[in-house]
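[1] coordinates only, sequence not included:
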């Protein structure tokens, strides 16, 4: 009888390493949740990443990892992830869906809580379990919080989500569904309350704690590396470019790092160009690249609330620099058009989720071709259920079924 | 460069066969959308199913079908499905998530439109494309309609969804997202309008047309066979029982048929007991089994709108009879408890989706054990975003972040 999943493979994680100075190393435990204490200053927060004993990975690892239906989820990639102490929900393994002309959509709405955030939260909630915490605390107005709540529930941990009053109605219900404590507070007080809860209750913080720049949990972005592993094994090649909806840049960095590992391990000879797609209403990474230093930006109105951030982080800078990519600013109108293009292809995405395709469509053929040959991947992060404007159009008007002219008009309008 | 999915394998489908009399056969085209004309009467509508050249299936088909990351979706099982003329969205391939004690949840919210209905609609929209129709028309108050709209959009077909004014608000937005014409009409006029649209526009009907009993599209339930194939290849064995949320019984039948094919092909020596889990507020299949004939029932109030039906169909009777299973009636309270159990395990399900687990939890140990040894699977059909009571609790109350006592109370309440 097969009533439990196979025991997870051992993690090859060896310790933490500063992104501010690669010679600065820390043991794997405890996980650093506020970046690198040695290199960070009041104005620049450098995150840490996780290092692995890459030489111990079996030679045929990527050739055989997807050859059996089990294990699924992060277990499949366990050697290259931090230890998976929390039970999983078969995160990842999302499909690549073809559009025309060699463009592929990585549909992250197919995750356990219907967004990419599950890749991160499996890892950070595992860190909380490994650290012996009684719960996790997260600041989020959406997908991140719901995902943390789901993984915490499954692991038997408590979860507190510090959020704001602007949360869309369906997302508020979503956050509460897993039994989390939801705490809407004025947006400027979110980080201080998160820190206070972490300090007073011992709950493990799984989102950012530093106001100057985003660092977040050192283990979290490792979970996004699986995006690169999946894209590579499914396409059978490295794409020429990946377009990533970008807020704090954790997914951008994690995806790049996964490809960089494939190069390091000899499976690939290059990484794709990474394109960070930020809302034009803000765009801290674009501003940081322009300024040559981490830069805070004012954030104007945008419905792409999931990726609307005044600060970015050093991880995004690394991913763009090392991949030869760049930061693109996409308007709400461009994201709306990209969302409609996805819907015409049967994919209902959140507005923020369409930022990747919006970025691709913004570039001229000429610029796109400079990225070389091969397929292009746009990450679509989440489903249309999460949008703020979900209910703004009101219910569909009823129609008199006996009035064929009215029925026909309705058919033609669609 | 791998920029398009591999060409789909040929279908081995040979024709249509009556469920009223297995000797009554029809060619594969045109698809019969109103059941078997030869055996159906005014009081009993017998559906048709699809037959295959099983002897032409390669011997190692099930051993190798899941050994590569591509193709995904129905393409993987193409020989045993009707021809897949419509482009896919990587439907199916959903995970089995373990609860305690050998119980597995088949999480169908991981489908392209976040419900099991995608397995059916890939097949029925393919039939519409194969039949040369300009569009599809469907009667639905939720998942079925949205799924049909998504597949129609991807195939470049028009879609009309005849629905009712009782559609939950988020679901209404969902239906419109893919560009379908949404037509809310009084519920008793849904079927006549569907028929009129089909007759006057030539749109291919992909939901039921017969008032006496459910028959629906003859190809559709074939898409649910993939549930059985996936459960079998992932568990490595046939489960002792499968608990299925049941409205019209199409998924119940399709899942049973998939297992029956595994027996026929020599991969398995038995099928699991199939348990139909219907809302206690109605339960036409339970009534039909009791009466020994297809029976219409009055439907009382229930929030499990996705599976609340006054009529069932002959397919459900076949699945229960041939598998030694039975029909269970689950109350809204039992489904609410099962939904909460799923949420504690990190799975946020629609109320109707929790009917399968509610059915399992209703049975005593004694009864469950009579089903024999081995794992048990409960199908969870869809996500919590689809529920009617999604927004009924109102938004989360704000909390003063300076008032630690208030914060602590909120943490304890969760």
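    Perfect, thanks for sending it. Keep in mind it's a predicted model, so treat the numbers as computed, not measured.

[2] which of the three states applies to residue A:354?
    helix (DSSP: H, G, I helix; E, B strand; the rest coil).

[3] how close does it sit to chain B?
    Residue A:354 sits 12 Å away from chain B, going by C-beta to the nearest C-beta, to the nearest Å. Every residue, glycine included, has its C-beta placed from N, CA and C.

[4] before we move on, what about residue A:64?
    Distance, residue A:64 to chain B, using C-beta to the nearest C-beta: 10 Å.

[5] ok, and the closest non-adjacent residue to that residue?
    residue A:58 (8.0 Å; C-beta to C-beta, 6 or more residues apart in numbering or on different chains).

[6] for residue A:52, same thing?
    residue A:12 (4.5 Å).

[7] let me know the pLDDT of the one you found.
    On pLDDT, residue A:12 comes in at 96.

[8] for it, what are its contacts?
    A:52, A:53, A:54, A:56, A:57, A:79, A:80 (C-beta atoms under 8 Å, 6 or more residues apart in numbering or on different chains).

[9] swap in 6 Å and give it another go.
    Taking C-beta atoms under 6 Å, 6 or more residues apart in numbering or on different chains, we find residue A:12 in contact with A:52, A:53, A:56, A:79.

[10] quick one on the thing from earlier: now the residue nearest to residue A:64: how far from residue A:30?
    As judged by C-beta to C-beta, to the nearest Å, residue A:58 and residue A:30 stand 29 Å apart.

[11] tell me which of those two has more neighbours.
    residue A:30 (14 against 11; other C-beta atoms under 10 Å in any protein chain shown).

[12] tell me the secondary structure at the more buried one.
    Assignment for residue A:30 (three-state DSSP): coil.

[13] measure the closest residue to it other than its chain neighbours to residue A:214 for me?
    Take residue A:30 and drop its neighbours on the chain: the residue closest to it by C-beta to C-beta, 6+ apart is residue A:131, 5.7 Å away. Counting by C-beta to C-beta, the gap from residue A:131 to residue A:214 is 21 Å.

[14] between the two, who's got more neighbours?
    residue A:214 (27 against 14).

[15] give me the pLDDT for that one.
    77.

[16] next helix or strand past the lowest-mean-pLDDT helix or strand in chain A?
    When the helices and strands of chain A are scored by mean pLDDT, DSSP states H and E, helix A:365-370 comes last with a mean of 63. Downstream of helix A:365-370, the next assigned helix or strand under DSSP states H and E is strand A:376-380.

[17] what comes up buried for that following strand?
    Within strand A:376-380, the residues that count as buried by 16 or more other C-beta atoms under 10 Å in any protein chain shown are A:376, A:377, A:378, A:379, A:380.

[18] avg pLDDT for the helix or strand following that strand?
    As assigned by DSSP H and E, the chain's next helix or strand after strand A:376-380 is helix A:404-413. Helix A:404-413 shows a mean pLDDT of 93.

[19] where in chain A is pLDDT low?
    For chain A, the stretches flagged by pLDDT under 70 are A:1-9, A:211-212, A:365-372.

[20] what about the residue located most distally from the centre of it, distance to chain B?
    For chain A, the C-alpha farthest from the mean C-alpha position belongs to residue A:402; by C-alpha atoms, centre = their mean, that distance is 49.1 Å. According to C-beta to the nearest C-beta, residue A:402 and chain B sit 8 Å apart.

[21] so the residue of the stretch 201-350 of chain A found nearest chain B is in which element?
    Proximity of the stretch 201-350 of chain A to chain B (C-beta to the nearest C-beta) peaks at residue A:346, 3.5 Å away. According to DSSP H and E, residue A:346 maps onto no helix or strand at all.

[22] that one: what's it in contact with?
    B:89, B:150, B:153, B:154.

[23] the strands in chain A, which residues?
    Listed in chain order, the strands of chain A (DSSP state E) span A:13-18, A:25-26, A:48-52, A:96-98, A:103-107, A:135-139, A:158-163, A:181-184, A:204-205, A:241-245, A:273-279, A:326-330, A:376-380.

[24] ranking these by mean neighbour count, which comes first?
    Among the strands of chain A, strand A:241-245 has the highest mean neighbour count (mean count of other C-beta atoms under 10 Å in any protein chain shown), at a mean of 30.

[25] contacts for it, please.
    By C-beta under 6 Å, 6+ apart, strand A:241-245 touches A:251-252, A:272-275, A:277, A:307, A:352, A:355-356, A:359-360, A:371, A:376-379, A:381.

[26] do the same with stretch A:380-391
    With C-beta under 6 Å, 6+ apart as the test, stretch A:380-391 has contacts from A:105, A:107-109, A:114-116, A:142-143, A:168, A:170-171, A:245, A:303, A:348-351, A:353, B:169, B:173, B:177, B:385.

[27] go again with 7 Å.
    A:105-109, A:114-116, A:142-143, A:168-171, A:245, A:303, A:305-306, A:342, A:347-354, A:356, B:114, B:169-170, B:173, B:177, B:385 (C-beta atoms under 7 Å, 6 or more residues apart in numbering or on different chains).

[28] let's see which of those end up in helices.
    Taking DSSP state H, the ones among the contacts of stretch A:380-391 that sit in helices are A:143, A:169, A:170, A:171, A:342, A:356, B:169, B:170, B:173, B:177.

[29] highest neighbour count among those residues?
    In the ones in helices among the contacts of stretch A:380-391, the most neighbours by other C-beta under 10 Å go to residue A:356, 32 neighbours.

[30] need the contact list for that residue.
    A:243, A:244, A:245, A:277, A:378, A:379, A:380.

[31] now the residue of the stretch 201-350 of chain A closest to chain B. Nearest residue, chain neighbours left out?
    In space, residue A:346 is closest to residue B:154, 3.5 Å off (C-beta to C-beta, 6+ apart).

[32] wait, the one you found sits on residue B:90?
    No: with contact defined as C-beta atoms under 7 Å, residue B:154 does not count as touching residue B:90 (11.3 Å).

[33] how about the residues of the stretch 101-250 of chain A by chain B?
    Contact residues, the stretch 101-250 of chain A versus chain B (C-beta under 7 Å from any C-beta of the partner chain): A:102, A:110, A:112, A:114, A:150-151, A:153-154, A:158, A:160, A:165, A:169-170, A:172-174, A:176-185, A:189, A:192-193, A:197, A:201, A:233-237.

[34] buried subset of those?
    Counted by 16+ other C-beta under 10 Å, these give A:102, A:110, A:112, A:114, A:150-151, A:153-154, A:158, A:160, A:169-170, A:172-174, A:176-178, A:180-185, A:193, A:197, A:201, A:233-235 as buried.

[35] the stretch 151-300 of chain A: helices as residue ranges?
    With DSSP state H, counting those that start in this stretch as the criterion, the stretch 151-300 of chain A has helices at A:169-177, A:190-201, A:225-235, A:250-264, A:284-291.

[36] list the contacts of the second one.
    Helix A:190-201 has contacts (C-beta under 7 Å, 6+ apart) with A:135, A:137, A:139, A:160, A:162, A:164, A:183, A:185, A:203, A:205, A:207, A:209, A:211, B:401, B:407, B:411.

[37] what is the burial count for residue A:24?
    16.

[38] quick one: contacts for it?
    Counted by C-beta under 7 Å, 6+ apart, residue A:24 has contacts A:18, A:36, A:38, A:39.

[39] can you do 6 Å?
    A:18, A:38.

[40] equivalent analysis for the one 3 residues further on, please.
    Contacts were defined as C-beta under 6 Å, 6+ apart; by that measure residue A:27 touches residue A:15.

[41] bridged to residue A:48, which residues?
    residue A:18 (DSSP bridges).

[42] how about the nearest residue to residue A:167 once chain neighbours are set aside, phi and psi?
    Nearest non-adjacent residue to residue A:167, counting by C-beta to C-beta, 6+ apart: residue A:141, 5.1 Å away. Backbone torsions of residue A:141, given as degrees, to the nearest 10, read phi -110, psi 20.
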